[in-house]
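J.: can't give you the sequence, but here's the structure:
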């Protein structure tokens, strides 16, 4: 089996314009995520890409060589070019895994693949988030502590307007009493999608050992089977085409 | 359409042996539930039954005349006769709706229909429970406040060992930080099942107007279509039996 | 309760350009569907709309007054204006029911709401389609014969590239041996969606009494609860906003 | 990782009492299944067990050493001892994988874990069964031909009275026009369950290369993660037990 190829995409705007965010994520949010994955996915090839790169770093060649794409965005969703979004969607439908993180719930690619508004309730008061596994046999929950405690996080609360997920893996509570379906999976075409909400630019969540483990599990789970990378398409078979 | 027929079953042991519980539920837990339903389900025929009744009040005649059965039990699960459990199961598979409440998660009938241990985490410290709707289009959520606040309740927490529900309608958080899938639906045979966790003998939860509304919605949702009451059975059709 | 308001949309191109299709559907496919619904939905207000109408007959006023929209399209999907598609999507997310029919699987609105390619296998050789109910307690299956036999139909076969449906109600087999998930439901935002595949322009499927009954059941099921028509949106509540 | 341990259970009555069945399966149905798995699961330890063995070959030691149990039964379901069924159930809830085959739909263990009648329609006329993948990204479908053609099989048809499956992987059609959800998955406790219907004692289905591949995929999918073998249980945590 060839090495797993992972691309971590981050808009990279907070870190380059707000010194206080750069202090939390000196290598960028993408750098922190990539570093966490590198420590847990032996032999994986991990690259990063950002909004400022040509084609946002997501050329046809890069995507064709990516098994799983992670997506972090927040204040620059509308600066992502529509043709890049369409290219990412095509690759997901063909089998590329996609992990959408935190404020990526409002990214063009997530809304395009899910079809809903993806809206939610939020409050940024550094509340404690407690993440509970409700599907202990799911590969993404493998080896994860019950619960994960994140001391300070932005609150994301229900109603979260997403389609009914294939699997609900994690539910979070917040100090203020809200709950959130914080780890959910979907399938679109041949592509597996995992949304995981913990991870805000103002808190060092992507350095949390358990969060890093969830993301590594997510990458393994979302990776396509080798050789099965193609978008579903219309066929017009003749009668008895499958008979011997 | 004939009137909806509802049977509220309660083991009725706490109220008859513990004065402090009888003070909270002077007409029994079943009495409080029946009273709540009567106020919201115009024209419904509502009866109650308890463990102490002959056949626990669940004779063949009663069940055949019941559209939806509500079930509350706690300390006397093992006193429920196996043949009554089997009779209830047969009626559920044939189309009778079943609403299992709170500690009924450990009732024989619930475990028999679900197949799992139905175990969970619990703590009785009068914590605040906040119940969030995560499926706003579900009939059981119709007209329910977002969220329902229950000032004092026993904590029920994950992992709740149930099969993946057909629909997840409510998720609760507790003051201590735990979460619970507090409103879930299942189908077994032709029967619709709703489990709703709020409602402990030590707290007056069944007098809460929103809880009462949830139960009334649950009864309407779980009621079978008239004339479709029969258990699925094996058939051995000849070839082309359906051709004209 | 006010009367149910239904809008049947049809591109209406086959019937106006191909005499042999007009002979099968002299009042248009929309006319046949509307006629079937009128006979089964007492008191409903049923209107029709087509591609050729101003704004395709789907103005803001019409959609705001529509409880459930049915959609039939085939050879003119790309002539449907994008702003009308976006308007329909907004109404679905806000609670309007949507029933997508047959070749509507490739309509802009269906792909936009589902996120997948919606591709499938097809073969037009007038094969017998047999439609089996696999969710007998679902409201859409109420009173439907097991199975529905359609003597001549276009074959639609798997793999059908849709997200995992909320509910799988019907599965069809075809004379050639293919199978198809022919009746599936989804939720997007507050809107309920039903896709039903039987119904091609070359066969009089929309006059079949059982097909008409399925569509009427679908309309009843997809209709929103009165007064709950709004798109989910972001909120930013303060801490303890729900406390008394 | 230690070697995968598989136990193939077969009642083994047809082969020992009917020469015409013994002619089809000279090493028993269990022998044919074990042979197929051995060829596809490198390094796996594969044993067989039958009804006639002491404790039906399913002692505590055997089950504790089994990662995945396959189950074939038909005419002797009621001869399986209840305590063995309960032992198997306990191991499934604790994480042992279970694959139930064909007429095993009426086994005590399947009904006990699912809760429904598990009834269906059947007809034994050597009809062609065509098995279609409807979840191409599911691990059980990996590398499987679309469709699998089985020239002669007993017909199993809908309505199949099972709970809504976690995943619907395969749907079959039969020459007579019936359809069947022939590959479905469930989770109970920590155990993963796969039901696969092709495989009757009168036809050499377990020698079919594609059927063998499905079973091998099923074993890999259902195997528990090492070290996670325990039944879910009740806990009574104190407040703030998870805080640092």
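T.: Happy to help now that I have it. Only a predicted model underlies this, so the values are computations on that prediction, with no experimental measurement involved.
J.: can we go C-alpha only for contacts and neighbour counts from here?
T.: OK.
J.: residue A:111 reaches residue A:117, doesn't it?
T.: Yes. The pair residue A:111 / residue A:117 is scored as a contact, 6.5 Å apart, by Cα atoms under 8 Å.
J.: hmm, residue A:134 is touching residue B:162, no?
T.: No. Between residue A:134 and residue B:162 there is no contact under Cα under 8 Å: 9.9 Å.
J.: poorly predicted segments of chain A, please.
T.: By pLDDT under 70, the weakly predicted segments of chain A are A:1-2, A:228, A:244.
J.: and the strands in it, which stretches?
T.: Along chain A, counting by DSSP state E, strands occupy A:5-10, A:45-50, A:68-72, A:97-101, A:121-133, A:148-157, A:167-174, A:179-188, A:191-196.
J.: would CSV of the ones you listed with mean neighbour count be doable?
T.: Converted to CSV, the strands of chain A look like this (neighbours: other Cα atoms under 10 Å in any protein chain shown):
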stretch, mean neighbour count
strand A:5-10, 24
strand A:45-50, 19
strand A:68-72, 26
strand A:97-101, 26
strand A:121-133, 21
strand A:148-157, 22
strand A:167-174, 24
strand A:179-188, 25
strand A:191-196, 26
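J.: tell me which parts of chain A are close to chain C?
T.: A:93, A:112-117, A:119-123, A:161-164, A:166, A:176-177, A:186-189, A:232-240 (Cα under 8 Å from any Cα of the partner chain).
J.: ok, 7 Å please
T.: Chain A has residues A:93, A:112-117, A:119-123, A:161, A:163-164, A:166, A:176, A:187-189, A:232-240 near chain C, with proximity defined as Cα under 7 Å from any Cα of the partner chain.
J.: which of those residues fall in helices?
T.: Among the residues of chain A next to chain C, the members falling in helices (DSSP state H) are A:93, A:112-114.
J.: any of those residues buried? List them.
T.: With neighbours counted using 16 or more other Cα atoms under 10 Å in any protein chain shown, these contain these buried positions: A:93, A:112-114.
J.: between those residues, which is closest to residue A:144?
T.: Among these, residue A:114 lies closest to residue A:144 (Cα to Cα), at 26.9 Å.
J.: ok, that closest one to residue C:194 distance?
T.: From residue A:114 across to residue C:194, the span is 17 Å (Cα to Cα, to the nearest Å).
J.: more neighbours, residue A:111 and residue A:117?
T.: Using other Cα atoms under 10 Å in any protein chain shown as the criterion, residue A:111 and residue A:117 rank with residue A:117 on top: 23 against 19.
J.: how close does the nearest residue to that one once chain neighbours are set aside sit to residue A:123?
T.: Leaving out its chain neighbours, the residue that sits closest to residue A:117 by Cα to Cα, 6 or more residues apart in numbering or on different chains is residue A:161, at 6.1 Å. Here residue A:161 is placed at a distance of 17 Å from residue A:123 (Cα to Cα).
J.: cool, and residue A:73?
T.: Relative to residue A:123, residue A:73 is positioned 18 Å away (Cα to Cα).
J.: show me which residues of chain A are close to chain D?
T.: Contact residues (Cα under 7 Å from any Cα) of chain A with chain D: A:136-137, A:190.
J.: so which of these is the most crowded?
T.: Busiest of these [other Cα under 10 Å] is residue A:190, holding 26 neighbours.
J.: what's near enough to touch it?
T.: By Cα atoms under 7 Å, 6 or more residues apart in numbering or on different chains, the contact set of residue A:190 is A:93-95, A:231, D:136-137.
J.: again with residue A:49
T.: Neighbours of residue A:49 in contact, by Cα under 7 Å, 6+ apart: A:8-10, A:56-57.
J.: those: which two are farthest apart?
T.: Spatially, the most separated pair among the contacts of residue A:49 is A:8 and A:56, at 11.6 Å (Cα to Cα).
J.: and the end-to-end length of stretch A:62-81?
T.: Start-to-end, stretch A:62-81 (Cα to Cα) is 16 Å.
J.: and if you look at stretch A:141-156?
T.: End-to-end span of stretch A:141-156 (Cα to Cα): 20 Å.
J.: could you measure from residue A:125 over to residue B:28?
T.: Residue A:125 is 44 Å from residue B:28, where distance means Cα to Cα.
J.: and if you look at residue A:24?
T.: Separation of residue A:24 from residue B:28 (Cα to Cα): 57 Å.
J.: settle it for me: which of these two has more neighbours?
T.: For residue A:24 versus residue B:28, neighbours defined as other Cα under 10 Å are more numerous around residue B:28 (22 against 18).
J.: leaving out sequence neighbours, find the closest residue to that one.
T.: Counting by Cα to Cα, 6+ apart, residue B:15 is the residue found nearest to residue B:28 once chain neighbours are left out, at 5.9 Å.
J.: that neighbour against residue B:21, yeah?
T.: Yes. Using Cα atoms under 7 Å, residue B:15 and residue B:21 qualify as a contacting pair, with a distance of 5.3 Å.
J.: for residue A:6, give me its contacts.
T.: Contacts for residue A:6 (Cα under 7 Å, 6+ apart) come out as A:45-47, A:66-69.
J.: how about the contacts made by residue A:128?
T.: By Cα under 7 Å, 6+ apart, the residues touching residue A:128 are A:150-153, A:174-175.
J.: what does residue A:34 give?
T.: Shown in contact with residue A:34 (Cα under 7 Å, 6+ apart): A:8, A:46.
J.: now it: how far from residue A:84?
T.: Separation of residue A:34 from residue A:84 (Cα to Cα): 22 Å.
J.: equivalent analysis for residue A:25, please.
T.: The span separating residue A:25 from residue A:84 equals 26 Å under the rule Cα to Cα.
J.: how about residue A:114?
T.: 17 Å.
J.: same thing with residue A:104?
T.: As judged by Cα to Cα, residue A:104 and residue A:84 stand 15 Å apart.
J.: more crowded one of those two?
T.: Applying other Cα under 10 Å to residue A:104 and residue A:84 shows that residue A:104 carries more neighbours, namely 25 against 17.
J.: the more buried one and residue A:70 touch, don't they?
T.: No. With contacts counted by Cα under 7 Å, residue A:104 stays clear of residue A:70, the gap being 9.8 Å.
J.: and which of the ones in helices among the residues of chain A next to chain C is nearest residue B:41?
T.: Nearest to residue B:41, judged by Cα to Cα, of those is residue A:114 at 37.6 Å.
J.: give me every residue that touches the closest residue to the closest one other than its chain neighbours.
T.: Once flanking residues are discounted, residue A:114 sits nearest to residue C:115: 5.6 Å by Cα to Cα, 6+ apart. If you count contacts by Cα under 7 Å, 6+ apart, residue C:115 has them with A:112-115, A:188.
J.: same deal with residue A:72?
T.: Applying Cα under 7 Å, 6+ apart to residue A:72 gives the contacts A:9-11, A:100-101, A:103-104.
J.: phi, psi for residue A:75 please.
T.: With angles defined as degrees, to the nearest 10, residue A:75 sits at phi -100, psi 0.
J.: now it: how far from residue C:150?
T.: Taking Cα to Cα as the criterion, residue A:75 is separated from residue C:150 by 53 Å.
J.: go on, residue A:25?
T.: The gap separating residue A:25 from residue C:150 is 62 Å, by Cα to Cα.
J.: ditto for residue A:130
T.: When distance is defined by Cα to Cα, residue A:130 is 54 Å away from residue C:150.
J.: now swap in residue A:183 and tell me
T.: For residue A:183, the distance to residue C:150 - Cα to Cα - is 43 Å.
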